[in-house]
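[1] Compute the structure for the input listed below.
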Amino acid sequence: MEETLSEQHTADSRILIIEDDQALGKLLEQEVRDHHFHCRLVGSAEQAFSVMSQWIPDLIVSDLRLPGMDGLEFLKKVGTEFSETQPDFLIITAFGTISKAVDTLKAGAEDFLTKPLDLDHFMICVNRILRNRNLRHEISRIKNLLNEDGFEGIIGQSRPMRDLFNQIARVARAEGPVLILGESGTGKELVARAIHRLSINHKGSFLAVNCAGIPEHLLESEFFGHKAGAFTGAGKSRRGLFAEAKDGTLLLDEISEMSLALQVKLLRMLQDGKVRPVGADQEEQVNVRVVAATHQDIEKEVNQGNFRQDLFFRLETFSLKIPPLRDREDDLELLAGRFLCKCSIQAGRKIHGFDKKTLNLLKKYPFPGNVRELKNAIERAVTFCDGKIILPEHLPARIREQSSIPDLNSEDNIFDAYQNQTLPTLLQVEQDYIKRILKITGGNKRKAAAILGINRRTLYRRLDSELTST
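    Next up is the predicted model:
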């Protein structure tokens, strides 16, 4: 018989046992481990809180009578301090305290068992509670998936986004690295966070690092850590990002900027799950899911020898392509409305909506910077709006004056824009647009890069390529 999703995930559950009777505690711990659950055993509520500062269980099996804080008091305190990740409770009680055990049910416990325990009945109860917990999680996930506005914090109701949401849900349940492809500003980090929240590693840390934002000579130390004295300036040992993200997810954004030498070490880590800090003799085993992202044409980078083919094949097993905003016509007004509401609240303003002409301008504009550029445009509009409605003059000049930009969907406009009737190359169009943005920003490359949806390093590289081609 095929296992249900809840049964597949139950074995990944964490169980914390609180029992001051050492013999009974060891017996329950062994029984739980024999059924392949992750388990911790402590003798008091105080010790349980210490464990839960680092390790959040799915189910707590607790004796009602404990030294110090009793089981009922502990249940109430957990409900207050761990409201967002609250574990389920199974209470163990002596026959004479059943009335108090009923109080634990009223306080939120799932069930209680009386001593002496029947181990078979105990495991049936444990499995039922965990199965119900996983079913609740699955129902919540499906509700998010069917939400007409968005999914796991990602706003969208267009067909391309609904397809993406379904792919995210499938990939999140699998194991292995993920490759996220998409233009700058499409929301690659949001997708990575959604994968993390829906994965079995969701209780671990989520760390994100931009490979283009770290000097190349520091990347290896940043990723894998280093020992004291490994190089000049390494005064003390430091853990790397892979170790810090242990049992969680690590996003490597702009992975195409990673050097070939470091790509070799990343491939080894993905294959055997081990990292070696700079200057260390021993390797360290880490359990971390790697999510890589890039706005570059990664296959082109492979063909040009800038990215290792074997690493690409390892990453692309689970690859996701985020659609650009221009392919999400049904989402633009929805996104603009959400950003307007958020920015208005942050600015302490009461702006009701957009003028019809304003919406038409937003819908016609191609948004090369995608969702990030739209958000920045709405934030600027709210800043300059003195009334209740966003008017065209509140938008950035590049959106208001877009009639002077050749419409790439119209052959006539392209020919009219070039007097010699010669179609421009993609490089020419890109260079013309970069020049225009630099003119608008008065030559401020930081602002220009933000509008273009690229980092400054990429902007400098594009400008250098323009100089070498002229």
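[2] longest helix anywhere in the protein?
    The longest helix of the chain (DSSP state H) is helix 119-146.
[3] now the residue nearest the centre of the chain, what's its secondary structure?
    With distances taken as Cα atoms, centre = their mean, R193 lies nearest the centre of the chain, 1.0 Å away. When classified by DSSP: H, G, I helix; E, B strand; the rest coil, R193 comes out as helix.
[4] right, and it touches G153 too?
    Yes - in this structure, R193 is within contact of G153 by Cβ atoms under 8 Å, at 7.0 Å. The way it works is simple: take the backbone N, C-alpha and C, and place the C-beta from them, glycine included.
[5] Now do the strands in the stretch 51-200 of the chain.
    With DSSP state E, counting those that start in this stretch as the criterion, the stretch 51-200 of the chain has strands at 59-63, 88-93, 111-114, 150-151, 154-155, 178-181.
[6] In contact with A292, which residues?
    Contacts here follow Cβ atoms under 8 Å, 6 or more residues apart in numbering; on that basis A292 touches P177, V178, L179, I180, L251, L252, I255, L315.
[7] redo that, cut-off 6 Å
    Applying Cβ atoms under 6 Å, 6 or more residues apart in numbering to A292 gives the contacts L179, L252, I255, L315.
[8] what's the nearest residue to it if we skip its chain neighbours?
    Counting by Cβ to Cβ, 6 or more residues apart in numbering, I255 is the residue found nearest to A292 once chain neighbours are left out, at 4.2 Å.
[9] same question, L16
    Per Cβ to Cβ, 6+ apart, closest to L16 is P57, 3.9 Å.
[10] For burial, what's the neighbour tally of that neighbour?
    Burial of P57 is recorded as 24 neighbouring residues (other Cβ atoms under 10 Å).
[11] So it versus A48, what's the distance?
    In this view, P57 and A48 are 9 Å apart by Cβ to Cβ, to the nearest Å.
[12] So what's the residue count around the closest residue to F89 other than its chain neighbours?
    In this structure, F89 finds its nearest non-sequential neighbour in A109, 4.0 Å apart by Cβ to Cβ, 6+ apart. A109: 22 surrounding residues under other Cβ under 10 Å.
[13] can I assume the residue nearest to A292 is in contact with V291?
    No - using Cβ atoms under 6 Å, I255 is not in contact with V291; the gap is 9.6 Å.
[14] Show me the domain layout of the protein.
    As given by automatic domain parsing, the domain ranges for the chain are 5-140, 151-321, 325-404, 421-470.
[15] For D58, give me its contacts.
    Shown in contact with D58 (Cβ under 6 Å, 6+ apart): S13, R14, P87.
[16] would CSV of the residues you listed with neighbour count, pLDDT and distance to F339 be doable?
    CSV is the format used below for the contacts of D58 (neighbours: other Cβ atoms under 10 Å; pLDDT from 0 to 100; distance: Cβ to Cβ, whole Å):
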residue, neighbour count, pLDDT, distance to F339
S13, 24, 85, 39
R14, 17, 91, 38
P87, 21, 90, 37
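[17] Looking at those residues, which is nearest K274?
    R14 (24.2 Å; Cβ to Cβ).
[18] in the sheet, who's paired with the closest one?
    With DSSP bridges as the criterion, R14 is bridged to H38.
[19] returning to what we had before: most packed of the strands of the stretch 51-200 of the chain?
    Per-stretch averages of neighbours, counted by mean count of other Cβ atoms under 10 Å, single out strand 59-63 among these, with a mean of 25.
[20] Pull up the pairing partners for it, direction included.
    Strand 59-63 is paired, per DSSP bridges, with strand 14-18 (parallel), strand 88-93 (parallel).
[21] Relative to the whole chain's centre, how far out is it?
    31 Å (Cα atoms, centre = their mean, to the nearest Å).
[22] now that strand against helix 119-146, angle please.
    Relative orientation of strand 59-63 and helix 119-146, computed by axes from the mean of the first three to the mean of the last three Cα atoms, to 10 degrees: 150 degrees.
[23] Model confidence for the spatially closest residue to I92 that is not a sequence neighbour, exactly?
    Using Cβ to Cβ, 6+ apart and skipping residues adjacent in sequence, the residue nearest I92 is D63, 5.0 Å away. For D63, the pLDDT comes out at 91.
[24] where's D63 relative to K100, distance?
    For D63, the distance to K100 (Cβ to Cβ) stands at 12 Å.
[25] F165 now?
    For F165, the distance to K100 equals 46 Å [Cβ to Cβ].
[26] Look at these two and report which has more neighbours.
    With neighbours defined as other Cβ under 10 Å, F165 and K100 compare such that F165 has more, 22 against 17.
[27] quick revisit: lowest average pLDDT across the strands paired with strand 59-63?
    Looking at the strands paired with strand 59-63, the lowest mean pLDDT belongs to strand 88-93 (a mean of 91).
[28] where in the chain is pLDDT low?
    Applying pLDDT under 70 to the chain flags residues 1-11, 83-85, 95-97, 138, 140-150, 229-230, 232-235, 403-424, 465-470.
[29] which residues of the stretch 201-350 of the chain fall in helices?
    Ranges of helices in the stretch 201-350 of the chain, per DSSP state H, counting those that start in this stretch, are 216-224, 241-244, 260-272, 298-303, 309-315, 329-347.
[30] Dump these to JSON lines, plus mean neighbour count.
    Converted to JSON lines, these look like this (neighbours: other Cβ atoms under 10 Å):
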{"stretch": "helix 216-224", "mean neighbour count": "18"}
{"stretch": "helix 241-244", "mean neighbour count": "19"}
{"stretch": "helix 260-272", "mean neighbour count": "15"}
{"stretch": "helix 298-303", "mean neighbour count": "15"}
{"stretch": "helix 309-315", "mean neighbour count": "17"}
{"stretch": "helix 329-347", "mean neighbour count": "16"}
